[in-house]
Structure formats: C-alpha cells, structure tokens
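[1] structure of the sequence below:
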Amino acid sequence: SHLWEPAIVNPVNLKSYTIPIFNLRDPYARSFHLSWLGFFVAFLSWFAFPPLIPEAIKSDLHLSAAQVGNSNIIALCATFVVRVVAGPLVDRYGPRKVMAYLLILGAIPSGLAGTARTAESLYVLRFFIGILGATFVPCQAWTSAFFDKNCVGTANALVGGWGNMGGGATFAIMTSLFQTLTHTYGLSTHVAWRAAFAIVPAPILLFVAALTFIFGQDHPAGKWSERHNLPAAALAVKDGHQIPLDHPEKKSLSSESKDEKDVEGNAAVSVRPVIAEEDLELVKSTVDVAINEPLTLKTAVKILTNPLTWLPALAYLTTFGVELAIDSKSSDVLFVLFSKKRHGFNQTTAGYYTSILGFLNLVTRPAGGYIGDVVYRHYGTKGKKAWTLLCGLIMGAALLAGGFYLQSTRTSGDQSLSDLMGVFSVAAIFSEF
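    Now for the predicted structure:
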C-alpha cells in the first residue's frame, strides 16, 4: 500500500503523488507528520487559557466577563498579525524553519503564563502566545511543497484537521491536569493553573521544535536554498518566467536541463532532464511547476487584488473564525449555564464537552477536503463554489438557531445541554468542512 511504501515522486517537480503516512524513513512522511504536529501542539498553549478560565483563572485574577472576552480577542489579533508576516518568511526561509522558530517563540510566553497577576498582564501574555496561531501557515506551506496536485488537497486537509484537533485535545488535557493538581496533589487554584502551563505547553513546544529541526526537511530538493534546482524551474524559465533567486550561489539554474540531485535524508530521488520540446505543453498542462519566489511589493499587490486571494480569505475568516469563537467561549458558557443546575458539572466537565467540538476535526477536515475533491472531479470549480456556499449557509443557520434558542430560554433558564451541543456541533462541523 502507498501508506507505508516509499513516496512515488514526480520527476519534474519532485512532489509526491502519494502520502506515505506510515513510512517514517521517507522525508515526505516526516514532513507530513511534523507539519500537523507543529500546528497541533501550538493549540496546547494558544487555547490553554479558555478551558481554565471558568473556574480557575477568572476567579484568581478577578476578571469580569468583558475582560475575558477582551483577552480572547487579543489572542486572535496577534495570530492575524503574525500570519501576515509568516507568509513572506516562509517564502524566504522555508516552512520548516518558520515552524520551528514560531514554536520556540511561543514557548517563551507560555512558560511565563504563571506570572499573570492582572487583566492587563494576561492581555500581554495572550497576545504573545497568540504567535502560535501562525503555525497554520508553515503547516500548509510545508505539505504544499511536498505533495503534487493529485493529492495535495487531501494532504492539506489531513494536516489541517489533525493539527486543528489540538484545540479539542487542549480542553481535555488542561482541565484534567488542573483537576489532578488540585484534587490529587492538593495545590491551590492560584498555584495549579500556573503549574499546568509549566508542565504541558512550554516543554512540549520546545520538544516538537527540536524534532522539526532534527528530522524535518525544507524542500523535496533538499535545502530551501536549493528549491530552484529541479526540472520544474527549468520549465518555468523556458516558458519565459523570470525567477528572482535570492541566493547568488544558485543562479546557475539552466533553462534546458538539470543535473541529478540527491534529496536530503535516507531516500534519494533521481531527477531526469527536462522533457523533450514536443512534450513541453503536455508537461505544463499536467504538472504543477509553481516555484516559491521572494515576495516583492509588485507581487504582493497583485496577490492581494486577485479575487482568488480575498474570496477564499473571506470564506476562511467566516469559518475558522466561527470555530475559534466557539472553542474560546463554549467552556465558559456551558459552565455558567449548567454548573448550578447539574450536579457535578464543573470546569472539567465543561472542558470535556467543549473538547468534542475540537476533536471533530479528526474527521471533518479530511472529509471536507475529500468531498471537495470529489465535487471538483464531477462538477469543476462551480461545484466547489456551490459546496463552499452550502457549508457556509448550514453553518450560519445553525449559529442563528443556537442564538435564538439561548435568547428564548434566557428568562426561563431551561436550556438543554443536548440541544446546545447538537446545534453548535452542526455549526462546528460545517465550519470545519
């Protein structure tokens, strides 16, 4: 099976036609797993505050509901800012290094989380911890560089979904750890939530950053500086495309053919000369020959004004944004609504219920990518547009239903936990699709 056999590599762009998930000796498999693992562990700190807010952090720091909301907003604002910067950094230095350094930078404020004493200090810490949300950029860029167009959608869906599952894992891990520290080891609330940050997020972030440096690979061609040393670049040059190389030592790129190049790691990939002139059009029509280039102002303006950039960005804003909002607030909402009405419903219980919404990513993200690919094969781009709109409409309808339900039961206070989980699970599922 392709799942554990060596990757089948396109000789023109060195991208893999297969996803060898279980063959960890293969650099394509290692890059695949390190990309989602880096995004996964980022959630262990980025989302570590919400599960502990209802009972621990909120009371310990004497936070109002508005201050809790502001801290959530600040954490997401940092992510937005750093993601904008992370894109050009990936183009310049490659996804592996950007991923590792983001994890290291995020580990520093994570280790200092216990120093928070006021709402203002919490804002500062959550802003810098929000850096970790930018790991999504190298996560997707890494798999896009290693997998060809026949499977890159599936690869991106898998790493995005498995990485995003870290949001659910964080709620389960942090609430369980907090309960263990308070009930088993007798720590006070003041000490326990601070210790939880030192025990889980900070060391794990540094550990995965080390794994990324040691076992990761920049590009199928080897180092990121060697990414132009492949036949696809020669095809692009032959087609009249100018590649502004940012490494002078690599400017010997030939427009006719490339010598054989060994890929870093255990597996060697043989690069054959550029295909004959008469086959050039066939190659360009069936093979992805896109090459990462340094970002210029002209290129940035062209990208930002292209509808293919800002339309998907708006879709992502309204879907992933909804998921983040649900994950950030659900635990606190469930705790407020049911802690006094249901015996034994505490911060840990609220965290477990909220974790379900994050764990859905294990299935929903890959399923969404797969359904999108199937729709595209049968109906083309118009079909994918219709599928995207349908998901957005169902998500929006579920959110409206949840909002009206909470509003109508606000006075009577007879909210049903199963009804709430059902309607917001539907919203989460279609936002993750």
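[2] right, and Phe430 touches Cys391 too?
    Yes. At 4.6 Å, Phe430 counts as touching Cys391 under the criterion of Cβ atoms under 8 Å. Using the backbone N, CA and C atoms, a C-beta is placed for each residue, glycine as well.
[3] quick one, helices of the stretch 301-433 of the chain?
    Along the stretch 301-433 of the chain, counting by DSSP state H, counting those that start in this stretch, helices occupy 307-338, 347-359, 361-408, 417-432.
[4] contacting residues around the second one?
    To tie it back to what came earlier, the one meant is helix 347-359. Helix 347-359 has contacts (Cβ atoms under 8 Å, 6 or more residues apart in numbering) with 43, 47, 50-52, 54-56, 164-172, 174-176, 178-179, 323, 326-327, 330-332, 334-335, 338-339, 417, 421, 424-425, 428.
[5] surely Trp224 is in contact with Gly94?
    Yes. Assessed by Cβ under 8 Å, Trp224 is found in contact with Gly94 at 3.3 Å.
[6] tell me the domain ranges of the protein?
    Under the assignment automatic domain parsing, the domains of the chain span 1-225, 296-433.
[7] just name the most buried of those domains.
    domain 1-225 (a mean of 21; mean count of other Cβ atoms under 10 Å).
[8] compute the first-to-last residue distance for it.
    33 Å (Cα to Cα, to the nearest Å).
[9] distance from the chain centre to that domain, please.
    Relative to its parent chain, domain 1-225 has a centroid offset of 7 Å by Cα atoms, centre = their mean, to the nearest Å.
[10] ok but Thr170 is inside a helix, no?
    Yes. Thr170 sits within a helix when classified using DSSP: H, G, I helix; E, B strand; the rest coil.
[11] what's near enough to touch it?
    Residues near Thr170 by Cβ under 8 Å, 6+ apart: Phe43, Leu44, Trp46, Phe47, Ala48, Pro51, Ser355, Gly358.
[12] just give the nearest non-adjacent residue to it, would you?
    Counting by Cβ to Cβ, 6 or more residues apart in numbering, Thr170 lies nearest to Phe47, which is 4.4 Å off, once chain neighbours are set aside.
[13] wait, doesn't that neighbour sit right on Met165?
    No. Using Cβ under 8 Å as the test, Phe47 is too far from Met165 to be in contact (11.3 Å).
[14] ok, Asp218 - contacts?
    Gly94, Pro95, Arg96, Lys97, Trp224, Arg227, Glu264.
[15] same thing but 6 Å
    Neighbouring residues of Asp218 by Cβ atoms under 6 Å, 6 or more residues apart in numbering: Gly94, Arg96, Trp224.
[16] again with Phe22
    Counting by Cβ under 6 Å, 6+ apart, Phe22 touches Leu3, Trp4.
[17] helices along the stretch 151-300 of the chain, start to end?
    Assigned by DSSP H, counting those that start in this stretch, the helices in the stretch 151-300 of the chain fall at 152-164, 166-179, 189-199, 201-215, 231-238, 280-286, 297-304.
[18] nearest to Val84, out of those?
    For the helices of the stretch 151-300 of the chain, the distance to Val84 is smallest for helix 297-304, at 10.4 Å, taking Cβ to Cβ.
[19] can you give me the offset of the closest one from its chain's centre?
    Taking Cα atoms, centre = their mean, one finds the center of helix 297-304 at 24 Å from the center of the full chain.
[20] quick check: mean pLDDT across that helix?
    Helix 297-304 carries an average pLDDT of 83.
[21] on that earlier part again, TSV for the contacts of Asp218, including pLDDT and distance to His190?
    Formatted as TSV, those follow (pLDDT from 0 to 100; distance: Cβ to Cβ, whole Å):
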residue	pLDDT	distance to His190
Gly94	94	43
Arg96	97	40
Trp224	89	46
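[22] dump the residues you listed into a markdown table; add distance to Lys302 as well.
    A markdown table is the format used below for the contacts of Asp218 (distance: Cβ to Cβ, whole Å):
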| residue | distance to Lys302 |
| --- | --- |
| Gly94 | 22 |
| Arg96 | 27 |
| Trp224 | 23 |
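[23] out of those, who's nearest Asn306?
    Of the contacts of Asp218, the one sitting nearest to Asn306 (Cβ to Cβ) turns out to be Gly94, at 23.8 Å.
[24] and that closest one, how far from Ala134?
    15 Å (Cβ to Cβ, to the nearest Å).
[25] and if you look at Leu334?
    Distance, Leu334 to Ala134, using Cβ to Cβ: 29 Å.
[26] can you give me the pLDDT of the residue nearest to the spatial centre of the chain?
    Centroid-nearest residue in the chain, with Cα atoms, centre = their mean: Phe136, separated by 3.3 Å. In this model, Phe136 is scored at 94, pLDDT.
[27] on the three-state scheme, the residue nearest to it when sequence neighbours are not counted is what?
    Leaving aside its chain neighbours, Phe136 sits nearest to Phe39 (5.8 Å; criterion: Cβ to Cβ, 6+ apart). Following three-state DSSP, Phe39 is assigned to helix.
[28] for Phe39, what are its contacts?
    By Cβ under 6 Å, 6+ apart, the contact set of Phe39 is Thr135, Phe136, Cys139, Gly163.
[29] give me the pLDDT for it.
    Reading off the model, Phe39 has pLDDT 96.
[30] okay, now the unreliable bits of the stretch 101-250 of the chain?
    232-250 (pLDDT under 70).
[31] the same query, at a cut-off of 50, please.
    247-250 (pLDDT under 50).
[32] does Thr319 touch Phe433 like I think?
    No. Assessed by Cβ atoms under 6 Å, Thr319 is found out of contact with Phe433, at 8.2 Å.
[33] now do the contacts for the nearest residue in space to Ala195 that is not next to it in sequence.
    Counting by Cβ to Cβ, 6+ apart, Leu181 is the residue found nearest to Ala195 once chain neighbours are left out, at 5.9 Å. Contact analysis of Leu181 by Cβ under 6 Å, 6+ apart lists Leu187, Ala192, Ala195.
[34] gap between Gly114 and Ala196?
    In terms of Cβ to Cβ, Gly114 sits 9 Å off from Ala196.
[35] same question, Glu55
    Between Glu55 and Ala196 the distance is 13 Å, computed by Cβ to Cβ.
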